[in-house]
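**Student:** predicted model, plus sequence, below.
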Amino acid sequence: MTEKVKPYKDSALNKKQQVTKMFDTISKEYDGLNRVISFGIDVKWRNKVVKIVADKNPETILDIATGTGDLAINLTSTNAKQIIGLDISDGMLEVGRQKVKSKNLDGIIDMVIGDSEDLPFEDNSFDAITVAFGVRNFMNLDKGLSEILRVLKPNGVFVILETSVPTKPFYKQGYKFYSKYILPTIGKVFSKDRSAYKYLCESASVFPYGEALNNILKQIGFINVEDKPQTFGVATIYTASKA
């Protein structure tokens with residue numbers, strides 16, 4: 001079920017090690033580049049994720065692949081008592097820790113290093129779990145999703161925000177042109193690691209989306225699975241729960 005993506009840079013490293021190295025390298029420029037690459041629309045998408053989670057009135061939230069903590073910080077508006085931002089890249093987490101500290105959110109948000117495929121939490125620990133632009137970086141997608149199901153409480157909500165490919169011909173052609181030519185060029189101009197944004201483009205283009213990802217979630221054991229395409233289908237929000 002998992003996707004095959006060309007190696008990021010060093011073929012001696014497995015995908016998990018490559019992704020960790022990549023995000024450590026681009027951590028300080030990641031936020032700015034995200035705004036440029038998405039034209040700032042990623043902020044709107046994250047706000048929609050926050051609203052979905054807030055409707056469930058969660059007390060505990062786990063934000064996997066939290067990166068520099070943008071979504072974890074936004075999730076504080078849900079009034080959750082505890083939010084854990086987990087990521088495999090300590091470089092990204094360190095940027096996030098500084099942001100959390102500057103906003104005086106240390107008492108609510110914990111930024112911890114960890115592996116999405118071996119979560120350091122007990123079964124049924126969280127009312128809500130989110131992953132924004134992170135599931136496509138899982139080395140073993142099935143294992144990562146199974147771990148998420150394990151630590152999610154019964155009736156809890158799981159929300160994924162991930163890139164996808166538009167289905168309508170005009171938008172699909174525009175997306176492919178942008179991801180093949182424009183996005184790598186932006187990465188080359190603004191990033192000190194040119195290979196990183198090439199990898200991000202490739203991983204987005206081959207990752208299952210829409211009904212394909214819905215089916216994987218159902219096979220893992222999630223229920224109430226839905227997908228909600230965003231901005232002509234260039235991103236999709238997936239929601240699911242646990243019986």
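**Tutor:** Cool, got the structure.
**Student:** remind me, longest strand of the chain?
**Tutor:** For the chain, the longest strand by residue count, based on DSSP state E, is strand 152-163.
**Student:** quickly find the element holding L213.
**Tutor:** Assigned by DSSP states H and E, L213 falls within helix 211-220.
**Student:** between strand 152-163 and the helix or strand that that helix is followed by, find me the angle.
**Tutor:** Beyond helix 211-220 in the direction of the C-terminus, DSSP H and E gives the next helix or strand as strand 223-230. Here strand 223-230 runs at an angle of 20 degrees relative to strand 152-163 (axes from the mean of the first three to the mean of the last three Cα atoms, to 10 degrees).
**Student:** rewinding a little: and the helix holding L213 with strand 152-163, angle?
**Tutor:** Going by the same axes, to 10 degrees, helix 211-220 makes 160 degrees with strand 152-163.
**Student:** what packs against helix 211-220?
**Tutor:** Helices and strands touching helix 211-220, by 3 or more Cβ pairs under 8 Å, 6 or more residues apart in numbering; DSSP states H and E, are helix 141-151, strand 223-230, strand 235-241. C-beta here means a position set from N, CA and C on the backbone, and glycine is covered the same way.
**Student:** helices or strands next to the longest one in the packing?
**Tutor:** For helix 141-151, the elements it packs on are strand 126-132, helix 211-220, judged by 3+ Cβ pairs under 8 Å, 6+ apart.
**Student:** most packed of those?
**Tutor:** Highest mean neighbour count of the helices and strands packed on helix 141-151: strand 126-132, a mean of 26 (counted as mean count of other Cβ atoms under 10 Å).
**Student:** which other helices and strands contact that strand?
**Tutor:** When contacts are defined as 3+ Cβ pairs under 8 Å, 6+ apart, strand 126-132 packs onto helix 41-54, strand 60-64, helix 70-74, helix 141-151, strand 152-163.
**Student:** so for K242, which of the ones you listed sits nearest?
**Tutor:** strand 152-163 (4.8 Å; Cβ to Cβ).
**Student:** I61 reaches S77, doesn't it?
**Tutor:** No - at 11.3 Å, I61 does not count as touching S77 under the criterion of Cβ atoms under 8 Å.
**Student:** which of those two has more residues huddled nearby?
**Tutor:** Taking other Cβ atoms under 10 Å, I61 and S77 do not tie; I61 has more neighbours (27 against 12).
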